[in-house]
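**Student:** one predicted model, sequence on top.
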Amino acid sequence: MIAFFLFILYDGELTPNDILELERNRMQYPTLAEIHDSMHDIALNHPLIARVDSIGLSYEARQILYLEISDNPGIDEGEPGLFFVGLHHGAEWTSVVVPLFFADSLASAYGQDPSITWIVDNCRIWIMPCFNVDGYHYSHDLGNTSWRKNRRPYGGSIGTDPNRNYYGGCSGSAYDTWGGQPHQNTSHLPSSAFFCGQAAFSEYENRALLSFLNGQRINTGISYHCYGESVSRPWSWSFDPAPDSILLTMLCDTIASMITCQSGSGHYSSFQQSTWYPICGSWGDFMYGYSRYVRGIPCLPFTIELGTSAAPDTLYLPQICRENFKAVPYLAQSIDSVVNVTPRIVIAPDIGYSQSGNDYTVYWIPQNNAGPCLWRLREMANIDVTADTFGTTNDRWVMSGFSPSSQQAHSGLYSISANYLDGTIAHATTQYPYLVEQGDTATFWTYYDLELNGDVAFFEISTDGLVWDQIFRFTGHQSFWHTRAYPLNDYVGKSVYFRFRLSTDGSGRYEGIHFDDFYPTVTYYLISDLPHGTDTFTTFTNVPTGTYFYSVQGQNNQGLGIRSRLIRIDVPAAIAENNASGLKQNYFPTITRQFNHEGMADIKLYNILGQEIKNVDKTGIYFVRQGQTLTKIIIVK
């Protein structure tokens with residue numbers, strides 16, 4: 001049996017009374033070892049429907065365990081997935097007890113209660129009672145009761161808030177990205193209780209969870225915190241409603257109405273997370289946005305704040321567990337139909353091509369079932385890649401909060417600089433994707449004077465405009481122009497966007513940050529959005545010699561989807577074959593001489609693959625056989 005002895009704090013700073021309650025009741029709560037033992041006991045006693053596994057190790061090398069409960073654990077049968085996770089914050093001890101109670105109840109009632117049996121037979125359920133294992137061990141087991149973060153050192157302090165270390169909502173907006181809202185309840189100051197980490201998914205625990213989630217199909221879930229007796233839904237970064245706000249609100253309101261408050265009267269409140277306080281990098285926004293925009297699957301996540309105080313009398317704990325358990329069968333019985341009616345956007349398809357000389361077919365493979373859709377293929381040519389010295393017109397960039405500045409410049413008269421205001425997010429993002437080639441390096445110059453760890457700037461790279469990799473981080477003072485270079489080896493063959501971003505807190509301003517002489521920036525002087533249709537391929541014939549780039553984007557009743565990566569197709573000049581020997585001639589890219597032929601000539605044209613090209617009335621370099629003489633000629637219209 002599982003002992004029910006916990007509770008914890010509001011999702012923020014603890015009050016003195018909270019700390020006193022935690023210290024007073026600490027010995028009534030299980031140690032981390034006891035939590036793990038309880039999980040193994042459940043799996044041992046119910047081996048046909050429960051198994052324990054680990055998503056990986058924490059910074060201090062502790063296992064992060066979860067229980068899977070299903071009729072065939074470990075096997076994907078296409079069933080809807082539910083995920084329940086506790087303890088992002090070290091001192092929120094009740095958030096461990098509640099999901100642990102769920103696991104014990106589901107396993108014990110299987111085969112006894114028809115509704116529970118149906119749930120286990122028709123769903124995959126993952127339960128992770130203690131995500132922040134190092135934080136719990138430090139807070140509970142070692143008696144540092146008020147500890148909130150994990151335990152990895154950074155910047156002279158210890159710990160990152162795991163619930164600020166996710167990507168964000170992955171919607172494509174710079175404002176929902178990790179590290180935003182720095183003037184609210186997110187901080188770049190390492191000593192802050194809300195420190196969001198060095199970068200998105202910089203923490204061992206978060207990276208392990210990302211790897212786990214990428215291998216599962218999760219359609220709903222709840223993250224448990226303390227305290228506040230509430231159920232909240234995405235978004236947490238914006239006051240605007242999430243795209244699936246009608247479904248999210250319906251489920252959120254229903255769950256809240258089911259849970260009786262600790263006092264025995266009234267029910268939990270229901271609201272959008274941002275109306276409580278806005279944050280970036282939260283679990284809820286990540287689960288919703290990453291699933292919707294990147295993976296293309298429906299996932300409707302919720303956050304529950306348990307109880308009314310940091311450490312309620314242990315007599316309240318069974319009531320808190322039982323009341324919150326009501327959400328499990330409700331979500332399990334609802335989620336299959338909800339998944340079927342939840343609209344999906346068209347995520348980026350996988351694009352490729354097959355080529356025969358100057359004929360080729362561009363094709364693509366949809367990566368999610370988003371219903372009937374149209375496909376929009378974009379063709380780009382006449383590429384120009386250069387170092388951008390910036391100026392008054394910067395049409396290779398999309399800027400918000402950044403603009404040309406004559407205050408500082410490395411070369412020429414201008415750099416780009418962010419509008420340096422308190423509590424702001426500014427960004428400059430390349431307008432067009434760049435297809436990375438072997439040996440490419442991104443380079444630029446920078447000059448900055450920023451509030452140390454209060455105001456932070458970043459250079460970031462993305463392959464899709466949704467998930468961004470942090471390459472460089474800037475904070476503090478650098479009173480001279482300094483160059484930065486980053487080899488793009490990890491992105492060879494991928495199309496990428498580049499972004500500069502500034503995030504400032506609510507106080508303390510200095511000169512700001514400037515960027516100049518950035519390479520590579522790209523533009524395409526010919527851009528054509530071709531007629532759209534339902535086919536997943538387009539064939540091109542008799543294409544003139546040149547280099548062409550293609551990407552494709554789906555559109556359904558949710559609007560335009562996510563654009564694919566770029567592919568590059570090179571159309572070479574044609575070649576010919578010696579009819580007598582059957583040997584293909586080498587392709588020569590330069591003209592050697594001009595040949596004027598009168599009368600008929602027996603010409604066969606081949607591309608560099610040896611494939612015959614039937615049409616010869618095109619500008620190009622060719623080889624003509626006249627008797628035993630092979631002559632290189634130019635055909636000019």
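**Tutor:** Alright, I've got the coordinates. Treat the numbers as computed from the prediction; the structure is a model and nothing was measured.
**Student:** so where's this protein uncertain?
**Tutor:** Residues of the chain meeting the criterion pLDDT under 70: 1-13, 182-184, 310-311, 574-637.
**Student:** so where do the helices sit in it?
**Tutor:** Assigned by DSSP state H, the helices in the chain fall at 16-25, 32-45, 94-109, 114-122, 133-136, 204-214, 245-258, 273-276, 283-289, 317-325, 327-341.
**Student:** dump those to a markdown table, plus mean neighbour count and distance to residue 492.
**Tutor:** (Glycine included, C-beta is placed from N, CA and C.) Shown next, in a markdown table, are the helices of the chain (neighbours: other Cβ atoms under 10 Å; distance: least, Cβ to Cβ, whole Å):
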| stretch | mean neighbour count | distance to residue 492 |
| --- | --- | --- |
| helix 16-25 | 16 | 52 |
| helix 32-45 | 17 | 43 |
| helix 94-109 | 25 | 43 |
| helix 114-122 | 16 | 45 |
| helix 133-136 | 28 | 37 |
| helix 204-214 | 19 | 23 |
| helix 245-258 | 18 | 40 |
| helix 273-276 | 19 | 39 |
| helix 283-289 | 27 | 28 |
| helix 317-325 | 20 | 49 |
| helix 327-341 | 17 | 37 |
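**Student:** got the end-to-end distance for stretch 108-126?
**Tutor:** One end of stretch 108-126 to the other measures 16 Å (Cα to Cα, to the nearest Å).
**Student:** which residues touch the residue nearest to residue 522 when sequence neighbours are not counted?
**Tutor:** The shortest distance from residue 522 to any non-neighbouring residue, by Cβ to Cβ, 6 or more residues apart in numbering, is to residue 434 (4.6 Å). Going by Cβ atoms under 8 Å, 6 or more residues apart in numbering, residue 434 touches 385, 495-498, 520-522.
**Student:** list the beta-bridge partners for residue 434.
**Tutor:** residue 496 (DSSP bridges).
**Student:** do you know how far it is from residue 142?
**Tutor:** 50 Å (Cβ to Cβ, to the nearest Å).
**Student:** and what of residue 515?
**Tutor:** Taking Cβ to Cβ, one finds residue 515 at 45 Å from residue 142.
**Student:** surely residue 472 touches residue 461?
**Tutor:** No - using Cβ atoms under 8 Å, residue 472 is not in contact with residue 461, being 10.2 Å away.
**Student:** where along the stretch 251-400 of the chain do the strands fall?
**Tutor:** In the stretch 251-400 of the chain, the segments counted as strands under DSSP state E, counting those that start in this stretch are 269-272, 300-306, 350-356, 359-365, 374-388, 397-400.
**Student:** and the angle for the longest one with strand 350-356?
**Tutor:** Yep, that's strand 374-388 we're talking about. 90 degrees (axes from the mean of the first three to the mean of the last three Cα atoms, to 10 degrees).
**Student:** now find how far off-centre strand 374-388 is within its chain.
**Tutor:** 24 Å (Cα atoms, centre = their mean, to the nearest Å).
**Student:** mind listing what's buried along it?
**Tutor:** Within strand 374-388, the residues scored as buried using 16 or more other Cβ atoms under 10 Å are 375-381, 383, 388.
**Student:** quick one: which of these is nearest residue 399?
**Tutor:** Minimum distance to residue 399 across these is 12.2 Å, recorded for residue 388 (Cβ to Cβ).
**Student:** show me what contacts the closest one?
**Tutor:** 394, 396-397, 517-519, 521.
**Student:** between those residues, which sits nearest residue 223?
**Tutor:** Nearest member of the contacts of residue 388 to residue 223, counting by Cβ to Cβ, is residue 397, at 36.8 Å.
**Student:** so that closest one versus residue 429, what's the distance?
**Tutor:** Residue 397 sits 7 Å away from residue 429, going by Cβ to Cβ.
**Student:** equivalent analysis for residue 66, please.
**Tutor:** In terms of Cβ to Cβ, residue 66 sits 37 Å off from residue 429.
**Student:** neighbour-wise, which of those two wins?
**Tutor:** Comparing residue 66 with residue 429 by other Cβ atoms under 10 Å, the one with more neighbours is residue 66, at 24 against 20.
**Student:** touching, that one and residue 125? I think so.
**Tutor:** No - applying Cβ under 8 Å as the test, residue 66 and residue 125 come out as separate, 10.0 Å apart.
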